[in-house]
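Trainee: next come a sequence and a model predicted from it.
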Amino acid sequence: MVQSLFVKYKDVVCLIPVDKFDTETLRTWFDEVMEKLNDILLVVAISTDNHVCNRKLFMDLCNGELCHSVEHPHRPREKLFLIFDFTHNFKNIFNPFVNKQIHPPTKDNEDILGGSCHAKFLHIKTLYALEEGKTLKVAHQLKKVSLNPSSIA
């Protein structure tokens with residue numbers, strides 16, 4: 001799919017039925033589609049979800065070390081920006097948080113906070129209980145339905 005940055009334009013470029021989806025197949029079709037698009041559109045960025053084949057394609061485009069942009073394959077001296085789709089990444093964080101009711105600490109938040117840190121779903125429930133019925137709230141968008149979420153499909 002292509003989408004314009006400046007006007008309301010979206011269009012499906014290519015749909016390809018495959019019986020085996022792997023990085024080599026994706027790379028072949030990526031190269032072919034980019035070559036054909038080069039004649040009619042200026043492609044400045046590609047966006048993808050976090051699927052293994054998509055990540056491997058990005059790594060391949062970056063010569064093994066993930067970066068935010070690469071040299072455009074058909075326009076020398078121009079960049080092609082690589083974007084991981086935020087919605088899919090958020091889903092990958094949200095669903096385990098809801099299902100396990102706890103988010104384990106990472107090296108990053110241990111360093112920042114100077115110790116172990118856990119995000120617990122109980123913290124959200126406690127905040128809701130503290131603010132229930134009050135006019136002024138810190139979490140004014142927190143609703144009862146938020147306390148019993150279902151996984152995002």
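Mentor: Nice, thanks for sending it over.
Trainee: break the chain down into its structural domains.
Mentor: Listed domain ranges for the chain are 2-86, 93-147 (source: automatic domain parsing).
Trainee: now do the closest residue to W29 other than its chain neighbours, the pLDDT please.
Mentor: With CB to CB, 6 or more residues apart in numbering as the measure, I16 is the residue that lies nearest to W29, at 5.8 Å, once sequence neighbours are left out. No exception for glycine: its C-beta is placed from N, CA and C like everyone else's. The predicted structure scores I16 at 84 on the pLDDT scale.
Trainee: correct me, but I16 touches F30?
Mentor: No - between I16 and F30 there is no contact, the gap being 10.7 Å when judged by CB atoms under 8 Å.
Trainee: higher neighbour count, those two?
Mentor: The residue with the greater number of neighbours, taking I16 and F30 and applying other CB atoms under 10 Å, is F30; the counts read 18 against 11.
Trainee: show me the least confident stretch of the domains of the chain, going by mean pLDDT.
Mentor: If you rank these by mean pLDDT, domain 93-147 sits at the bottom with a mean of 70.
Trainee: and the helix or strand containing R27, how far from the chain's centre?
Mentor: With the criterion set as DSSP states H and E, the secondary-structure element containing R27 is helix 23-38. Distance, stretch centre to chain centre, for helix 23-38: 21 Å (CA atoms, centre = their mean, to the nearest Å).
Trainee: quick one: buried residues of that helix?
Mentor: Of the residues in helix 23-38, 23, 26, 30, 33-34 count as buried by neighbour count, 16 or more other CB atoms under 10 Å.
Trainee: that helix: what's the following helix or strand?
Mentor: For helix 23-38, the following helix or strand on the C-terminal side (DSSP H and E) is strand 45-48.
Trainee: give me the helices and strands touching that following strand, please.
Mentor: Under the contact criterion of 3 or more CB pairs under 8 Å, 6 or more residues apart in numbering; DSSP states H and E, the helices and strands touching strand 45-48 comprise helix 52-61, strand 79-84.
Trainee: so what are the sheet partners of it and their directions?
Mentor: The partner list of strand 45-48 in its sheet, established with DSSP bridges, is strand 79-84 (parallel).
Trainee: got the angle for the partner strand vs helix 52-61?
Mentor: Going by axes from the mean of the first three to the mean of the last three CA atoms, to 10 degrees, strand 79-84 is angled at 150 degrees with respect to helix 52-61.
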